[in-house]
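A.B. asks: following is a predicted model, sequence given first.
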Amino acid sequence: ALLLAGIVVCVTVLLYMPVRVGEGDLLLVQSRHRQRHPGRVRHPTQHPYEQGQGLSMRSHEHSAPMLSNAITWSYAAPEHWAELDTSFDLCGSGQEQSPVELGSGAELLALPSLRWHVSSQQETRPVEFFTGHTLQVQGVGHPTLSFNATTYSLSQIHTHTPSEHTIDGEQFALEMHFLHTTRTNKTTKHAVLAVMFKEGAASPAPIRRVLESLPPADGARKPVEDFDFSELAVAVLQDMTSEEEETVRAEEGWQWRPNKKNFFTYSGSLTTPPCSEGVRWLVLKNALEVAPQDLKALQELEGANNRPVQPLNGRTVVDAGGSIQF
(Lines give C-alpha, C1' and ligand atoms only; values in the text may rest on other atoms or scores of the structure.)
Protein backbone atom coordinates (compact mmCIF):
# COMPACT_ATOMS: atom_id res chain seq x y z
CA ALA A 1 0.00 0.00 0.00
CA LEU A 2 2.85 2.37 0.89
CA LEU A 3 4.56 1.56 -2.42
CA LEU A 4 1.38 2.25 -4.39
CA ALA A 5 0.85 5.58 -2.59
CA GLY A 6 4.40 6.62 -3.45
CA ILE A 7 3.90 5.89 -7.13
CA VAL A 8 0.69 8.00 -7.18
CA VAL A 9 2.49 10.94 -5.53
CA CYS A 10 5.36 10.81 -8.06
CA VAL A 11 2.99 10.74 -11.05
CA THR A 12 1.00 13.66 -9.62
CA VAL A 13 4.14 15.77 -9.15
CA LEU A 14 5.29 15.08 -12.69
CA LEU A 15 1.93 16.06 -14.14
CA TYR A 16 1.84 19.45 -12.43
CA MET A 17 5.54 20.41 -12.73
CA PRO A 18 6.09 23.59 -14.78
CA VAL A 19 7.68 22.71 -18.14
CA ARG A 20 9.92 25.15 -20.06
CA VAL A 21 9.25 25.14 -23.80
CA GLY A 22 11.86 26.68 -26.03
CA GLU A 23 10.89 29.01 -28.91
CA GLY A 24 12.02 26.42 -31.42
CA ASP A 25 9.91 23.74 -29.77
CA LEU A 26 6.86 26.01 -29.78
CA LEU A 27 7.26 26.82 -33.47
CA LEU A 28 7.66 23.13 -34.23
CA VAL A 29 4.44 22.34 -32.39
CA GLN A 30 2.60 25.15 -34.22
CA SER A 31 3.93 23.94 -37.57
CA ARG A 32 2.82 20.38 -36.88
CA HIS A 33 -0.60 21.66 -35.82
CA ARG A 34 -0.98 23.58 -39.08
CA GLN A 35 0.05 20.52 -41.07
CA ARG A 36 -2.63 18.46 -39.35
CA HIS A 37 -5.30 21.21 -39.59
CA PRO A 38 -4.70 23.23 -42.75
CA GLY A 39 -7.11 26.15 -42.97
CA ARG A 40 -8.19 27.76 -46.24
CA VAL A 41 -6.50 31.11 -46.72
CA ARG A 42 -8.99 33.73 -47.83
CA HIS A 43 -7.48 36.55 -49.87
CA PRO A 44 -9.50 39.76 -49.44
CA THR A 45 -10.23 41.17 -52.87
CA GLN A 46 -9.42 44.79 -53.50
CA HIS A 47 -11.71 46.74 -55.74
CA PRO A 48 -9.43 47.46 -58.71
CA TYR A 49 -10.64 51.02 -59.15
CA GLU A 50 -11.68 52.19 -55.70
CA GLN A 51 -8.53 51.34 -53.74
CA GLY A 52 -6.41 53.72 -55.72
CA GLN A 53 -3.05 52.15 -55.03
CA GLY A 54 -1.23 48.92 -54.29
CA LEU A 55 -3.16 46.89 -56.81
CA SER A 56 -2.06 43.43 -57.82
CA MET A 57 1.01 43.52 -60.00
CA ARG A 58 0.98 42.55 -63.63
CA SER A 59 3.80 41.22 -65.76
CA HIS A 60 5.76 44.34 -66.58
CA GLU A 61 9.30 45.54 -66.09
CA HIS A 62 7.93 48.49 -64.10
CA SER A 63 5.78 47.20 -61.25
CA ALA A 64 4.31 49.00 -58.26
CA PRO A 65 4.60 47.32 -54.84
CA MET A 66 1.88 44.73 -54.32
CA LEU A 67 -0.01 44.70 -51.03
CA SER A 68 0.33 41.44 -49.14
CA ASN A 69 -3.42 40.74 -49.27
CA ALA A 70 -3.81 41.42 -53.02
CA ILE A 71 -4.50 38.73 -55.57
CA THR A 72 -1.99 38.69 -58.40
CA TRP A 73 -3.53 39.08 -61.84
CA SER A 74 -2.10 40.04 -65.18
CA TYR A 75 -3.12 41.36 -68.58
CA ALA A 76 -1.04 38.54 -70.05
CA ALA A 77 -3.96 36.09 -69.61
CA PRO A 78 -7.28 37.88 -68.94
CA GLU A 79 -9.17 34.78 -70.07
CA HIS A 80 -7.93 33.06 -66.88
CA TRP A 81 -8.89 35.76 -64.35
CA ALA A 82 -11.89 33.76 -63.13
CA GLU A 83 -9.58 30.89 -62.16
CA LEU A 84 -7.49 33.00 -59.78
CA ASP A 85 -10.04 33.45 -56.99
CA THR A 86 -13.73 32.78 -56.36
CA SER A 87 -14.31 36.54 -56.06
CA PHE A 88 -13.29 36.81 -59.73
CA ASP A 89 -15.98 34.37 -60.94
CA LEU A 90 -17.87 37.02 -62.94
CA CYS A 91 -14.82 37.51 -65.13
CA GLY A 92 -15.65 34.12 -66.63
CA SER A 93 -19.36 33.54 -65.98
CA GLY A 94 -20.76 37.08 -66.20
CA GLN A 95 -23.29 37.78 -68.95
CA GLU A 96 -22.88 41.59 -68.98
CA GLN A 97 -19.14 42.03 -69.25
CA SER A 98 -17.09 44.92 -70.63
CA PRO A 99 -15.56 46.09 -72.92
CA VAL A 100 -17.66 45.40 -76.03
CA GLU A 101 -17.70 46.17 -79.74
CA LEU A 102 -19.77 49.28 -80.46
CA GLY A 103 -21.02 50.59 -83.77
CA SER A 104 -23.72 50.76 -86.38
CA GLY A 105 -25.87 48.00 -84.87
CA ALA A 106 -26.80 50.13 -81.86
CA GLU A 107 -30.36 51.35 -81.23
CA LEU A 108 -30.79 55.04 -82.06
CA LEU A 109 -32.33 57.07 -79.25
CA ALA A 110 -32.33 60.79 -78.45
CA LEU A 111 -30.98 61.38 -74.94
CA PRO A 112 -30.11 64.45 -72.86
CA SER A 113 -26.62 65.83 -73.41
CA LEU A 114 -23.87 64.83 -71.01
CA ARG A 115 -22.52 67.47 -68.66
CA TRP A 116 -20.32 67.54 -65.58
CA HIS A 117 -21.28 69.87 -62.76
CA VAL A 118 -18.21 71.29 -61.07
CA SER A 119 -18.41 73.06 -57.71
CA SER A 120 -16.08 76.02 -57.35
CA GLN A 121 -16.11 75.48 -53.58
CA GLN A 122 -14.49 72.06 -53.76
CA GLU A 123 -10.77 72.03 -53.01
CA THR A 124 -8.77 70.08 -55.55
CA ARG A 125 -5.37 68.52 -55.03
CA PRO A 126 -4.95 66.27 -58.05
CA VAL A 127 -2.26 63.63 -57.88
CA GLU A 128 -1.28 60.93 -60.34
CA PHE A 129 0.40 57.60 -59.72
CA PHE A 130 0.98 54.21 -61.30
CA THR A 131 -1.13 51.49 -59.66
CA GLY A 132 0.84 48.59 -61.11
CA HIS A 133 -1.71 48.29 -63.92
CA THR A 134 -2.64 51.81 -65.01
CA LEU A 135 -1.97 55.52 -64.66
CA GLN A 136 -4.51 56.95 -62.22
CA VAL A 137 -5.48 60.51 -61.29
CA GLN A 138 -7.30 61.33 -58.05
CA GLY A 139 -8.26 64.43 -56.08
CA VAL A 140 -10.00 66.34 -58.87
CA GLY A 141 -12.83 67.63 -56.67
CA HIS A 142 -15.67 65.08 -57.24
CA PRO A 143 -17.58 66.75 -60.08
CA THR A 144 -20.96 65.12 -60.66
CA LEU A 145 -22.57 63.61 -63.75
CA SER A 146 -26.28 62.84 -64.03
CA PHE A 147 -27.73 60.14 -66.24
CA ASN A 148 -31.12 58.43 -66.24
CA ALA A 149 -32.22 60.21 -63.02
CA THR A 150 -29.08 59.12 -61.14
CA THR A 151 -26.30 61.48 -60.08
CA TYR A 152 -22.79 60.05 -59.90
CA SER A 153 -19.68 61.57 -58.35
CA LEU A 154 -16.30 61.31 -60.11
CA SER A 155 -13.90 59.15 -58.09
CA GLN A 156 -10.85 58.94 -60.34
CA ILE A 157 -9.49 58.87 -63.88
CA HIS A 158 -7.34 56.13 -65.37
CA THR A 159 -6.04 55.01 -68.76
CA HIS A 160 -5.75 51.96 -71.02
CA THR A 161 -3.34 51.56 -73.93
CA PRO A 162 -4.58 50.53 -76.42
CA SER A 163 -8.33 51.09 -76.09
CA GLU A 164 -10.58 48.43 -74.60
CA HIS A 165 -13.80 49.27 -76.48
CA THR A 166 -13.78 49.21 -80.26
CA ILE A 167 -16.05 51.25 -82.55
CA ASP A 168 -17.00 49.66 -85.86
CA GLY A 169 -14.01 47.37 -85.49
CA GLU A 170 -11.51 50.19 -84.86
CA GLN A 171 -9.24 50.06 -81.83
CA PHE A 172 -7.76 53.34 -80.64
CA ALA A 173 -4.34 54.18 -79.25
CA LEU A 174 -5.65 55.22 -75.83
CA GLU A 175 -8.89 55.00 -73.84
CA MET A 176 -9.39 57.19 -70.78
CA HIS A 177 -11.94 56.20 -68.14
CA PHE A 178 -13.70 58.57 -65.76
CA LEU A 179 -15.00 56.35 -62.96
CA HIS A 180 -18.05 57.66 -61.09
CA THR A 181 -19.83 56.19 -58.07
CA THR A 182 -23.06 56.70 -56.16
CA ARG A 183 -24.65 55.11 -53.09
CA THR A 184 -28.27 53.99 -53.39
CA ASN A 185 -29.97 51.95 -50.66
CA LYS A 186 -26.58 51.01 -49.20
CA THR A 187 -25.45 49.78 -52.61
CA THR A 188 -22.57 51.30 -54.58
CA LYS A 189 -23.25 51.82 -58.27
CA HIS A 190 -20.76 52.82 -60.94
CA ALA A 191 -20.85 54.81 -64.15
CA VAL A 192 -17.83 55.07 -66.42
CA LEU A 193 -17.46 57.74 -69.08
CA ALA A 194 -14.91 56.66 -71.68
CA VAL A 195 -13.15 58.79 -74.28
CA MET A 196 -10.93 57.52 -77.09
CA PHE A 197 -7.68 59.06 -78.34
CA LYS A 198 -5.89 58.69 -81.64
CA GLU A 199 -2.34 59.78 -82.34
CA GLY A 200 -2.27 63.35 -83.60
CA ALA A 201 -0.31 66.58 -83.68
CA ALA A 202 -0.89 67.65 -80.08
CA SER A 203 -2.66 66.65 -76.87
CA PRO A 204 -5.37 68.95 -75.48
CA ALA A 205 -3.81 71.19 -72.83
CA PRO A 206 -5.43 69.48 -69.77
CA ILE A 207 -4.43 66.05 -71.11
CA ARG A 208 -0.88 67.24 -71.77
CA ARG A 209 -0.55 68.37 -68.14
CA VAL A 210 -1.33 64.83 -67.01
CA LEU A 211 0.86 63.01 -69.54
CA GLU A 212 3.85 65.27 -70.11
CA SER A 213 5.55 64.39 -66.80
CA LEU A 214 4.40 60.97 -65.66
CA PRO A 215 4.93 59.60 -62.13
CA PRO A 216 7.55 56.92 -61.41
CA ALA A 217 6.70 53.25 -61.82
CA ASP A 218 7.13 52.53 -58.10
CA GLY A 219 3.68 53.90 -57.21
CA ALA A 220 4.84 57.19 -55.72
CA ARG A 221 2.27 59.98 -55.97
CA LYS A 222 3.03 63.06 -58.00
CA PRO A 223 1.01 66.33 -58.01
CA VAL A 224 -0.54 67.37 -61.32
CA GLU A 225 0.39 71.00 -61.76
CA ASP A 226 -2.07 73.60 -63.10
CA PHE A 227 -4.84 71.03 -63.40
CA ASP A 228 -8.32 72.42 -64.12
CA PHE A 229 -11.10 69.86 -64.40
CA SER A 230 -13.49 72.35 -65.98
CA GLU A 231 -10.98 72.77 -68.80
CA LEU A 232 -10.69 69.00 -69.13
CA ALA A 233 -14.48 68.60 -69.20
CA VAL A 234 -14.78 71.08 -72.07
CA ALA A 235 -12.11 69.23 -74.07
CA VAL A 236 -13.54 65.74 -73.47
CA LEU A 237 -17.22 66.56 -74.03
CA GLN A 238 -16.37 69.07 -76.79
CA ASP A 239 -18.64 71.49 -74.96
CA MET A 240 -18.92 74.46 -77.32
CA THR A 241 -21.34 77.16 -78.33
CA SER A 242 -23.81 76.65 -81.17
CA GLU A 243 -21.73 78.89 -83.39
CA GLU A 244 -18.55 76.95 -82.68
CA GLU A 245 -20.41 73.69 -83.28
CA GLU A 246 -21.61 74.90 -86.68
CA THR A 247 -18.07 75.87 -87.63
CA VAL A 248 -16.73 72.40 -86.81
CA ARG A 249 -19.66 70.76 -88.58
CA ALA A 250 -18.83 72.70 -91.72
CA GLU A 251 -15.35 71.17 -91.59
CA GLU A 252 -16.23 67.66 -90.44
CA GLY A 253 -19.57 67.16 -92.19
CA TRP A 254 -23.21 67.86 -91.37
CA GLN A 255 -23.56 64.63 -89.35
CA TRP A 256 -20.88 65.66 -86.87
CA ARG A 257 -22.00 66.17 -83.25
CA PRO A 258 -19.89 67.05 -80.20
CA ASN A 259 -19.24 64.26 -77.70
CA LYS A 260 -21.71 65.63 -75.18
CA LYS A 261 -24.46 64.70 -77.71
CA ASN A 262 -22.67 61.83 -79.41
CA PHE A 263 -22.12 58.68 -77.36
CA PHE A 264 -22.99 55.02 -76.85
CA THR A 265 -24.45 53.73 -73.60
CA TYR A 266 -25.02 50.21 -72.30
CA SER A 267 -24.99 48.15 -69.10
CA GLY A 268 -21.69 46.38 -68.51
CA SER A 269 -19.00 45.64 -65.95
CA LEU A 270 -15.67 46.76 -64.62
CA THR A 271 -12.96 45.76 -67.08
CA THR A 272 -10.61 44.46 -64.37
CA PRO A 273 -11.12 41.84 -61.63
CA PRO A 274 -13.51 41.28 -59.94
CA CYS A 275 -15.40 42.32 -63.14
CA SER A 276 -18.44 43.50 -61.15
CA GLU A 277 -21.53 44.04 -63.29
CA GLY A 278 -24.26 46.68 -63.25
CA VAL A 279 -21.91 49.41 -64.49
CA ARG A 280 -23.43 52.15 -66.66
CA TRP A 281 -21.10 52.84 -69.59
CA LEU A 282 -21.08 56.11 -71.53
CA VAL A 283 -18.61 55.78 -74.42
CA LEU A 284 -17.99 58.98 -76.38
CA LYS A 285 -17.84 58.57 -80.16
CA ASN A 286 -15.41 61.28 -81.24
CA ALA A 287 -11.76 60.45 -80.57
CA LEU A 288 -9.51 63.23 -79.29
CA GLU A 289 -5.87 63.56 -80.30
CA VAL A 290 -2.84 62.64 -78.22
CA ALA A 291 0.69 63.76 -79.11
CA PRO A 292 3.11 60.95 -80.12
CA GLN A 293 5.53 61.74 -77.29
CA ASP A 294 2.75 61.72 -74.67
CA LEU A 295 1.39 58.42 -75.97
CA LYS A 296 4.82 56.80 -76.06
CA ALA A 297 5.59 57.81 -72.47
CA LEU A 298 2.29 56.37 -71.27
CA GLN A 299 2.79 53.13 -73.22
CA GLU A 300 6.25 52.73 -71.68
CA LEU A 301 4.77 53.14 -68.20
CA GLU A 302 1.70 50.91 -68.60
CA GLY A 303 2.47 48.44 -71.34
CA ALA A 304 -0.57 46.83 -72.98
CA ASN A 305 -3.33 46.99 -70.36
CA ASN A 306 -6.55 46.37 -72.26
CA ARG A 307 -9.06 43.57 -71.71
CA PRO A 308 -10.35 42.03 -74.98
CA VAL A 309 -13.91 42.77 -76.08
CA GLN A 310 -16.62 40.57 -74.53
CA PRO A 311 -19.83 39.18 -76.07
CA LEU A 312 -22.97 41.33 -75.81
CA ASN A 313 -25.15 38.33 -74.96
CA GLY A 314 -28.31 40.05 -76.19
CA ARG A 315 -27.72 43.39 -74.47
CA THR A 316 -28.99 46.58 -76.08
CA VAL A 317 -26.46 49.27 -76.94
CA VAL A 318 -28.01 52.73 -77.37
CA ASP A 319 -26.57 55.21 -79.87
CA ALA A 320 -27.30 58.73 -78.67
CA GLY A 321 -25.79 60.32 -81.77
CA GLY A 322 -29.04 62.18 -82.36
CA SER A 323 -29.19 63.53 -78.82
CA ILE A 324 -31.22 66.62 -78.06
CA GLN A 325 -29.69 69.25 -75.82
CA PHE A 326 -31.59 69.88 -72.58
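C.D. replies: It's in. Remember, predicted model here, so these are calculated numbers, not experimental data.
A.B. asks: buried residues in stretch 235-249?
C.D. replies: Ala235, Val236, Leu237, Gln238, Asp239, Glu245 (16 or more other Cβ atoms under 10 Å). C-beta: built from backbone N, CA, C; applies to glycine.
A.B. asks: typo on my end, stretch 305-315
C.D. replies: Result for stretch 305-315 [16+ other Cβ under 10 Å]: buried residues Asn305, Asn306, Arg307, Val309, Gln310, Leu312.
A.B. asks: wait, Asn306 touches Thr159, no?
C.D. replies: No: look at Asn306 against Thr159 with Cβ atoms under 8 Å: they stay out of range, at 10.2 Å.
A.B. asks: whatever helix or strand Gln299 lives in: what's the following helix or strand?
C.D. replies: Gln299 belongs to helix 292-302 when assigned by DSSP states H and E. Following helix 292-302 in sequence order, the next helix or strand is strand 318-319 (DSSP H and E).
A.B. asks: average pLDDT for that following strand?
C.D. replies: Strand 318-319 shows a mean pLDDT of 96.
A.B. asks: quick one, what contacts the residue nearest to Glu123 when sequence neighbours are not counted?
C.D. replies: Once flanking residues are discounted, Glu123 sits nearest to Gly141: 7.1 Å by Cβ to Cβ, 6 or more residues apart in numbering. Going by Cβ atoms under 8 Å, 6 or more residues apart in numbering, Gly141 touches Val118, Ser119, Gln122, Glu123, Thr124, Leu154, Phe229.
A.B. asks: any idea how far Val137 is from the fifth one?
C.D. replies: When you say that, I think you mean Thr124. Distance of Thr124 to Val137, computed by Cβ to Cβ, to the nearest Å: 11 Å.
A.B. asks: ok, these two, which is more surrounded?
C.D. replies: Shown here are Thr124 and Val137; by other Cβ atoms under 10 Å, Val137 has more neighbours (21 against 15).
A.B. asks: helices along this structure, start to end?
C.D. replies: Applying DSSP state H to the chain gives helices spanning 2-16, 23-36, 90-93, 205-211, 229-237, 242-252, 292-302.
A.B. asks: least confident of those, on average?
C.D. replies: Among the helices of the chain, helix 23-36 carries the lowest mean pLDDT, a mean of 32.
A.B. asks: re earlier: farthest pair within the buried residues of stretch 235-249?
C.D. replies: Greatest spatial distance in these: Val236 and Glu245, 15.5 Å, computed using Cβ to Cβ.
A.B. asks: and Ala304, how many residues sit next to it?
C.D. replies: 12.
A.B. asks: and the gap between it and Val290?
C.D. replies: Computed with Cβ to Cβ, the distance linking Ala304 and Val290 is 16 Å.
A.B. asks: gap between Thr181 and Ser155?
C.D. replies: In terms of Cβ to Cβ, Thr181 sits 5 Å off from Ser155.
A.B. asks: quick one: low-confidence parts of the protein?
C.D. replies: For the chain, the stretches flagged by pLDDT under 70 are 1-69, 121-122, 322-326.
A.B. asks: so what are the sheet partners of the top strand by length along it and their directions?
C.D. replies: Scanning the chain for the strand with the most residues, using DSSP state E, yields strand 187-199. According to DSSP bridges, strand 187-199 forms sheet pairs with strand 174-184 (antiparallel), strand 277-284 (parallel), strand 288-290 (parallel).
A.B. asks: no further queries at this time; thank you.
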